[in-house]
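Asker: Sequence unavailable; structure follows:
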């Protein structure tokens, strides 16, 4: 409605006046109705819910090319409501699983295209290193702590952080990076439990807190409140303190800079293993599963958008090749539920990141809103049923 996706109920009547005739304007159960679909609008004005809100009407009569009785019943068309059944395409999964995988990967490409467009929009306004740094923080925040990670990226811009690391040896770079990330994040000084959670030696914590004392003056009034973070029911391994130490470990590595290093890994012959090594090597705070998610959700869309914006054809081609060849990760409950919903008892393996991301795209853009009649899986199932009958 007005360009926005709206969730709620749809009420269907032959005539708009049936709304009042059925007493819906007096029934609070209809206060979740967002659209009134009618064959004929005999009112000329929106119906009203019990809470007083107007319900926009969609009148179908003017959209029909002729009278209703001129439309023959299509034998291959499922009745309204029949697509959201127990499983979407079990017949296809059993007889032609490759067709399903092809649709999953196409949906994954659409999801990646949307991510790349979002990164491209940011590159038009911010330096590439700031964009990549903010994307890494966002990915390290998981769902619960993405907002404070984004706030941290704004409060501690990458160029301010990098300037305080330049020319320093790796141990000092780590201490300074950890000090600024944890200090601006509101974690310093650390409690004994937080020190234990970080798993560093006492002398290393002393170096970090001393570095914050030396470097932190510009952020004394700008650091995040400790209450900004969601810590309840967060696994120790996913605690934001450890995630910030993971980023400090990456930034402490010797190299040519954040963006040049990532570009070099993407352009290398074995890009996936090179990127995994960069993310997880000597980094006790980042496991292989989360590193794979960062490659999919940060590195690939950044490399695609940056390669396009900078006119670097080689980078663009290598990023596209990385995306096409990237194996699936460990998956999650959303991916597994969507595959089961589509395939039923037949197991169709999810072997590529494209297919994995495609299942997420189908679930979030279709299944969650019950937009089954727009779903390519439903259309494939209908064609399969028609051909089989």
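Answerer: Perfect, thanks for sending it. Small disclaimer: the values here were computed from a predicted structure and weren't measured. Numbers count the residues shown, from 1 in each chain.
Asker: Run a quick neighbour tally on residue 221.
Answerer: By other CB atoms under 10 Å, 6 other residues sit near residue 221. Every C-beta, even on glycine, is put in place using the N, C-alpha and C of the backbone.
Asker: quick one: low-confidence ranges for the stretch 101-250 of the chain?
Answerer: Applying pLDDT under 70 to the stretch 101-250 of the chain picks out no residues at all.
Asker: need the helices for it, in chain order.
Answerer: 128-140, 146-155, 158-163, 170-184, 192-198, 202-215, 240-252 (DSSP state H, counting those that start in this stretch).
Asker: Including distance to residue 348 and mean neighbour count, could the ones you listed go into a markdown table?
Answerer: Listed next are the helices of the stretch 101-250 of the chain as a markdown table, based on distance: least, CB to CB, whole Å; neighbours: other CB atoms under 10 Å:
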| stretch | distance to residue 348 | mean neighbour count |
| --- | --- | --- |
| helix 128-140 | 28 | 22 |
| helix 146-155 | 31 | 18 |
| helix 158-163 | 42 | 16 |
| helix 170-184 | 42 | 22 |
| helix 192-198 | 40 | 14 |
| helix 202-215 | 48 | 16 |
| helix 240-252 | 34 | 23 |
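Asker: can you put those in JSON lines and add distance to residue 360?
Answerer: Shown next, in JSON lines, are the helices of the stretch 101-250 of the chain (distance: least, CB to CB, whole Å):
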{"stretch": "helix 128-140", "distance to residue 360": "15"}
{"stretch": "helix 146-155", "distance to residue 360": "16"}
{"stretch": "helix 158-163", "distance to residue 360": "28"}
{"stretch": "helix 170-184", "distance to residue 360": "29"}
{"stretch": "helix 192-198", "distance to residue 360": "30"}
{"stretch": "helix 202-215", "distance to residue 360": "37"}
{"stretch": "helix 240-252", "distance to residue 360": "22"}
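Asker: ok, now which ones touch the residue lying closest to residue 245 once chain neighbours are set aside?
Answerer: Leaving out its chain neighbours, the residue that sits closest to residue 245 by CB to CB, 6 or more residues apart in numbering is residue 285, at 4.9 Å. Going by CB atoms under 8 Å, 6 or more residues apart in numbering, residue 285 touches 242, 243, 245, 246, 249.
Asker: Assign residue 324 to helix, strand or coil.
Answerer: Following DSSP: H, G, I helix; E, B strand; the rest coil, the label given to residue 324 is helix.
Asker: these two touch, right, it and residue 318?
Answerer: No - counting by CB atoms under 8 Å, residue 324 does not reach residue 318; the two are 10.8 Å apart.
Asker: Distance from stretch 370-381 to the middle of the chain?
Answerer: Remark: stretch 370-381 is offset 22 Å from the chain centroid, using CA atoms, centre = their mean, to the nearest Å.
Asker: circling back to that earlier point, name the element the residue nearest to residue 245 belongs to?
Answerer: If you go by DSSP states H and E, residue 285 is not part of any helix or strand.
Asker: And the helices in the stretch 251-389 of the chain?
Answerer: Counting by DSSP H, counting those that start in this stretch, the helices of the stretch 251-389 of the chain are 258-267, 271-280, 288-294, 300-309, 313-325, 333-343, 353-365, 376-388.
Asker: would JSON lines of those with mean neighbour count, mean pLDDT and distance to residue 198 be doable?
Answerer: Shown next, in JSON lines, are the helices of the stretch 251-389 of the chain (neighbours: other CB atoms under 10 Å; pLDDT from 0 to 100; distance: least, CB to CB, whole Å):
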{"stretch": "helix 258-267", "mean neighbour count": "20", "mean pLDDT": "97", "distance to residue 198": "23"}
{"stretch": "helix 271-280", "mean neighbour count": "18", "mean pLDDT": "96", "distance to residue 198": "18"}
{"stretch": "helix 288-294", "mean neighbour count": "18", "mean pLDDT": "95", "distance to residue 198": "17"}
{"stretch": "helix 300-309", "mean neighbour count": "23", "mean pLDDT": "98", "distance to residue 198": "28"}
{"stretch": "helix 313-325", "mean neighbour count": "17", "mean pLDDT": "97", "distance to residue 198": "32"}
{"stretch": "helix 333-343", "mean neighbour count": "18", "mean pLDDT": "92", "distance to residue 198": "29"}
{"stretch": "helix 353-365", "mean neighbour count": "23", "mean pLDDT": "95", "distance to residue 198": "31"}
{"stretch": "helix 376-388", "mean neighbour count": "16", "mean pLDDT": "82", "distance to residue 198": "45"}
